[in-house]
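Participant: Show me how the following folds:
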Amino acid sequence: MKFSPLPNLYLRRLRPSKFFLSSPTSLMASLITQTLNPSCPPSVPQPTEEENLDDVLCSSGASFPLHQKHEKLEQETECSLCSPRGYLSGEARIERAWAHWNKLGRPRLIVAPMVDNSELPFRMLCRKYGAEAAYTPMLHSRIFTENEKYRSQEFTTCQEDRPLFVQFCANDPTVLLEAAQRVEPFCDYVDINLGCPQRIARRGNYGAFLMDNLLLVRSLVQNLALNLHIPVSCKIRIFPDLQDTINYAKMLEEAGCSLLAVHGRTRDQKDQKKIRADWNAIRAVKNALRIPVLANGNIRHIDDVHSCLDETGADGVLSADALLENPALFAGFRTSEWAVDPEGNSKDGNLDQADLLMDYLKLCGRYPVPWRMIRAHVHKMLGEWFRIQPQVREELNGQSRLTFDFLYDMVDQLRKLGVRIPLYVRDDNGSRVAVNGVLSSTT
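Facilitator: A predicted model of the protein is given here:
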């Protein structure tokens, strides 16, 4: 099977370029274009008129030759890799799956894969605030094998970015294996996306739409499990029928999947605000399998994390959309929407989303990413702030060429306008938070 042609949005990202993406901590380097940023070195090529300025990188980082970097990293990671996994009996597969998970420290708080959103700077921001592991954005396996620029721009990591799942969409076992072998020295799991429910996945015949072709799914998993040095993981959605879901999960385990993440919604349940994830289905899968199982769905704040772990018995939880608004979720911070915990006690955590954005921008200076990713994160983190001062959002939207200076000044402007929406933490001393997010005393 072959992938359908990529839409123009993706093709636009893959133009040839003339500049190295090479920060000291990026693992892969390539020739790429650079943004019109006055702070960039004079030698940085400028985009052509037709270049989408949001698709170029926000900074250049420090120069580091590609071949030296790749050789160095291969030397650093070689000792941690075993021989190809090959065929193992059922019991040996389970033992190896748990041995690997235990070696990683059994991470429970995990950043879910998000297209254009779970990139390296955002993963590192979440790790700073409690995340114990993370997924890359979904990568297109065929394009990853064919295009050097796509590889270097869409997949970057660093030594501190572990444990790490690298996720691919695929429908060709041979192509998927080639893509996976390129990243296995730099991650802890190669993950197969079997859960994407979007229209583009239907057109491309991948993600959740492979649930209609379980023989192909089995071959994708088996081919990786037999040939990679590191474990294979999968991320799925549930079937409408619980037994079908359990049978599906068991098939993946038998094919060689060493860890399974279960999103507790069906392929057709796309509205996450209206439709709650089915934790009972996740619990049934956990009880039916012998490998580690992760739960995905309904994680909006830290109390949801604890409830999900208790109700599903899962070995960890994934959060996606809630982390985009509040990357400090796993550290116990919560937005004003969820400020009141079950006991009703919360207080200003002396942290807000503008603080998190400033941290994120600093990470972007160290780990360059396209401006489109930065722009999306700005809107997610400061969405509520923009509702109070919509003219600041309009000014942001009017910028065809973003710069760090503009974004720092924008945050300063919001603060001068008196905008501050704190993030809250549990207060054991009795302060309470009203529904509108304003602190009030219990006395």
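
Participant: Quick check: which ranges of this protein have low pLDDT?
Facilitator: For the chain, applying pLDDT under 70 flags the ranges 1-52, 59-89, 340-344, 428-443.

Participant: and if we set it to 90?
Facilitator: Scanning the chain for pLDDT under 90 picks out 1-91, 152-153, 199, 270-274, 336-346, 426-443.

Participant: Tell me which stretches of it form strands.
Facilitator: 109-111, 133-135, 139-140, 164-169, 189-194, 232-237, 257-263, 293-296, 316-319, 346-352, 422-426, 432-433, 439-440 (DSSP state E).

Participant: So which of those is nearest Ala376?
Facilitator: Distance to Ala376, taken as Cβ to Cβ, is lowest for strand 109-111 among the strands of the chain, at 15.3 Å. For every residue, glycine as well, the C-beta is placed using N, CA and C.

Participant: With distance to Ser219 and mean neighbour count added, can I get the strands of the chain in a markdown table?
Facilitator: Formatted as a markdown table, the strands of the chain follow (distance: least, Cβ to Cβ, whole Å; neighbours: other Cβ atoms under 10 Å):
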| stretch | distance to Ser219 | mean neighbour count |
| --- | --- | --- |
| strand 109-111 | 27 | 25 |
| strand 133-135 | 23 | 25 |
| strand 139-140 | 19 | 22 |
| strand 164-169 | 15 | 25 |
| strand 189-194 | 11 | 26 |
| strand 232-237 | 12 | 26 |
| strand 257-263 | 13 | 28 |
| strand 293-296 | 22 | 26 |
| strand 316-319 | 26 | 25 |
| strand 346-352 | 47 | 18 |
| strand 422-426 | 46 | 22 |
| strand 432-433 | 52 | 20 |
| strand 439-440 | 57 | 12 |
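
Participant: who wins for proximity to Arg387 among those strands?
Facilitator: Nearest to Arg387, of all the strands of the chain, is strand 346-352, at 14.7 Å by Cβ to Cβ.

Participant: That closest one: partners in the sheet, and parallel or antiparallel?
Facilitator: Next to strand 346-352 in the sheet, as set by DSSP bridges, lie strand 422-426 (antiparallel).

Participant: Provide the contact partners of the strand it pairs with at residue level.
Facilitator: If you take Cβ atoms under 8 Å, 6 or more residues apart in numbering as the criterion, strand 422-426 is touched by 326, 328, 332-336, 339, 341, 343, 345-353, 433, 437.

Participant: mind exporting it as PDB, just the C-alpha atoms?
Facilitator: Output in PDB follows, covering the C-alpha atoms of strand 422-426 (Å, rounded to 0.1, in the frame of the first residue of the first chain):
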ATOM      1  CA  PRO A 422      -2.700  33.000  37.800                       C
ATOM      2  CA  LEU A 423      -2.300  29.300  37.800                       C
ATOM      3  CA  TYR A 424      -3.500  27.700  41.000                       C
ATOM      4  CA  VAL A 425      -2.200  25.000  43.400                       C
ATOM      5  CA  ARG A 426      -3.800  23.200  46.300                       C
END
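
Participant: quick thing: my sequence starts at 51, can you match it?
Facilitator: All set: I'll call the first residue 51, so the last point we hit is now strand 472-476.

Participant: ok so, going back, with respect to Asp459, which of the strands of the chain lies nearest?
Facilitator: Among these, strand 396-402 sits nearest to Asp459 (Cβ to Cβ), with 17.5 Å.

Participant: Can you show me the CA trace of that closest one as PDB?
Facilitator: Taking C-alpha atoms only, strand 396-402 is exported to PDB below (Å, rounded to 0.1, in the frame of the first residue of the first chain):
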ATOM      1  CA  SER A 396      -6.700  26.500  46.100                       C
ATOM      2  CA  LYS A 397      -4.300  29.400  46.000                       C
ATOM      3  CA  ASP A 398      -2.300  31.500  43.600                       C
ATOM      4  CA  GLY A 399       0.700  29.400  42.600                       C
ATOM      5  CA  ASN A 400       2.900  32.400  41.800                       C
ATOM      6  CA  LEU A 401       3.000  31.200  38.200                       C
ATOM      7  CA  ASP A 402       1.000  32.200  35.200                       C
END
